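structure for this input, please:
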Amino acid sequence: MTYVQPAPTPPVVSAPRPRVLVVGPRADARGGIGSVQHALERHAEALADLDVVTTHRDGPPATRLRTMAAGTLSAAAHLVLRPPDLVHMHVSQRSSVLRKGLLGAVARARRVPVVLHLHGSEFLDWFDGLPAPARAVVRALVRPHRLVVLSESLRERYAARLGVALRQVTALPNPVEWPEGPAGERPPGGDVLAVFLGRFGARKGVYDVVASCALLSPAARHRLRLVAAGDGEVDGVRAAVAAAGVGDVVEVREWLDRAERDALLRRVEVLVLPSSHEGLPMAVLEAMAFGVAPVVTPVGALPEVVRDGENGVLVPVGDPAALAAALEALVADDDRRRALGRRAREDAEPYAATHWADRLARIWAAA
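This next block holds a predicted model:
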């Protein structure tokens, strides 16, 4: 029998890792975009070589201005002197669109694909309020290879407003850092701890939260304890709590870092965020991941995440009475409150940051 030597096995050639320039806030910046940047740097670095340029950091106006100017110039230098395989830029609205749009023009001139990641909760209202010549300028600047928006329901609206082909617009909901373990079981019959997390101001509905607490029955006020934590109009919220006489229910704290927030979410049962405008607020996803039942308004991408009566409660915008009724019902029914929290955790799992990073890598590959 003649021995035939098998053909050698061809070597496995792995695709080269893309080199991605990421332009946006510091990963420890307050707010949703900072949380997204934190997840990107932590999880996408396994899928690409990241070069991060910071254009926003928290601090006084002079610090923010220096960071913006220095970061924009640094990003332009990267694009000109050492063009990456791709540039990924976080965009909110107003001046952010102008700065990132100009960087996008530099990138296109250097034949670098551009991914614009839109986060601004009021972007469409801002854009529609511009005069026609200014809208034309924005369309001319915003010409990405891929436009990333926060929900499927926003794809057509952004494509139509900005003149971008629908096939170039991808929905990528925000990521959530998945807790190492679920929150502990809350004992029945005791206090019900709720939380508001976000920037204090009318847009997030914090004053509606305060007004709703004043409408609660004595029984609900006896059990409910609500921690309102954030930045912005801290003194204004404290004054509103005092004026409404709900200091026995509402405790006002300043902004919590990630460790403080997570420690609080392990004890909380209800998140309250009755915003008038939103994209996809990180606070809702983070709370749901801990098994916290969200009480939110049907704005932005929230109706795609929170289903009324299944994994949370939807209330109308600007309606403290409806919010009070929702809180009253949840405080009174331990079984329902816990069932909503359990389902919220199950439904938040697809938003875990590891899954999100894989989807982001596919967007980069298609750009």
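
hey, let's count contacts and neighbours off CA atoms from now on
Fine.

may I see the buried residues of the helix or strand in which Arg108 is found?
In the assignment (DSSP states H and E), Arg108 maps to helix 95-109. Neighbour counts over helix 95-109 (16 or more other Cα atoms under 10 Å) mark 96-108 as buried.

go on, stretch 319-336?
Of the residues in stretch 319-336, those buried (16+ other Cα under 10 Å) are 319-328, 330-332, 334, 336.

again, but for stretch 217-235
Buried-residue list, stretch 217-235, by 16+ other Cα under 10 Å: 220-221, 223-231, 234.

from those, pick the one nearest Leu81.
Nearest to Leu81 among these is Asp231, at 39.1 Å by Cα to Cα.

who touches that closest one in this structure?
198-200, 254-255 (Cα atoms under 8 Å, 6 or more residues apart in numbering).

do that again at 10 Å, thanks
30-31, 197-201, 253-256 (Cα atoms under 10 Å, 6 or more residues apart in numbering).

cool, and Val176?
35-36, 39, 282-289, 348-356.

now the helices for the stretch 151-300 of the chain?
155-162, 206-214, 218-223, 234-244, 258-265, 282-289 (DSSP state H, counting those that start in this stretch).

now these as a markdown table including mean pLDDT and distance to His119?
Output for the helices of the stretch 151-300 of the chain, formatted as a markdown table (pLDDT from 0 to 100; distance: least, Cα to Cα, whole Å):
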| stretch | mean pLDDT | distance to His119 |
| --- | --- | --- |
| helix 155-162 | 94 | 12 |
| helix 206-214 | 98 | 21 |
| helix 218-223 | 96 | 36 |
| helix 234-244 | 98 | 24 |
| helix 258-265 | 93 | 20 |
| helix 282-289 | 95 | 11 |
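
tabulate those (CSV), appending distance to Arg26.
Formatted as CSV, the helices of the stretch 151-300 of the chain follow (distance: least, Cα to Cα, whole Å):
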stretch, distance to Arg26
helix 155-162, 26
helix 206-214, 26
helix 218-223, 39
helix 234-244, 23
helix 258-265, 14
helix 282-289, 16
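
among the contacts of Val176, which ones are buried?
Counted by 16+ other Cα under 10 Å, these give 35-36, 39, 282-289, 348-349, 351-354, 356 as buried.

now do Val149 against Glu286, distance only.
Val149 sits 19 Å away from Glu286 when distances are taken as Cα to Cα, to the nearest Å.

same deal with Thr67?
From Thr67 over to Glu286 (counting by Cα to Cα), the distance is 28 Å.

equivalent analysis for Gly198, please.
In terms of Cα to Cα, Gly198 sits 12 Å off from Glu286.

compute the first-to-last residue distance for stretch 46-66.
For stretch 46-66, the end-to-end distance is 31 Å (Cα to Cα).

ok, now stretch 47-66?
End-to-end span of stretch 47-66 (Cα to Cα): 31 Å.

can you pull the buried residues of it?
48-57.

got the residues you listed as a markdown table, with pLDDT and secondary structure columns?
Shown next, in a markdown table, are these (pLDDT from 0 to 100; DSSP: H, G, I helix; E, B strand; the rest coil):
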| residue | pLDDT | secondary structure |
| --- | --- | --- |
| Ala48 | 94 | coil |
| Asp49 | 95 | strand |
| Leu50 | 95 | strand |
| Asp51 | 96 | strand |
| Val52 | 96 | strand |
| Val53 | 96 | strand |
| Thr54 | 95 | strand |
| Thr55 | 94 | strand |
| His56 | 92 | strand |
| Arg57 | 91 | coil |
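
tabulate those (JSON lines), appending distance to Ala367.
Output for these, formatted as JSON lines (distance: Cα to Cα, whole Å):
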{"residue": "Ala48", "distance to Ala367": "14"}
{"residue": "Asp49", "distance to Ala367": "16"}
{"residue": "Leu50", "distance to Ala367": "16"}
{"residue": "Asp51", "distance to Ala367": "18"}
{"residue": "Val52", "distance to Ala367": "19"}
{"residue": "Val53", "distance to Ala367": "20"}
{"residue": "Thr54", "distance to Ala367": "22"}
{"residue": "Thr55", "distance to Ala367": "23"}
{"residue": "His56", "distance to Ala367": "25"}
{"residue": "Arg57", "distance to Ala367": "28"}
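
chain center to stretch 268-286, what's the gap?
9 Å (Cα atoms, centre = their mean, to the nearest Å).

now stretch 238-245
Counting by Cα atoms, centre = their mean, stretch 238-245 is centred 29 Å from the centre of its parent chain.
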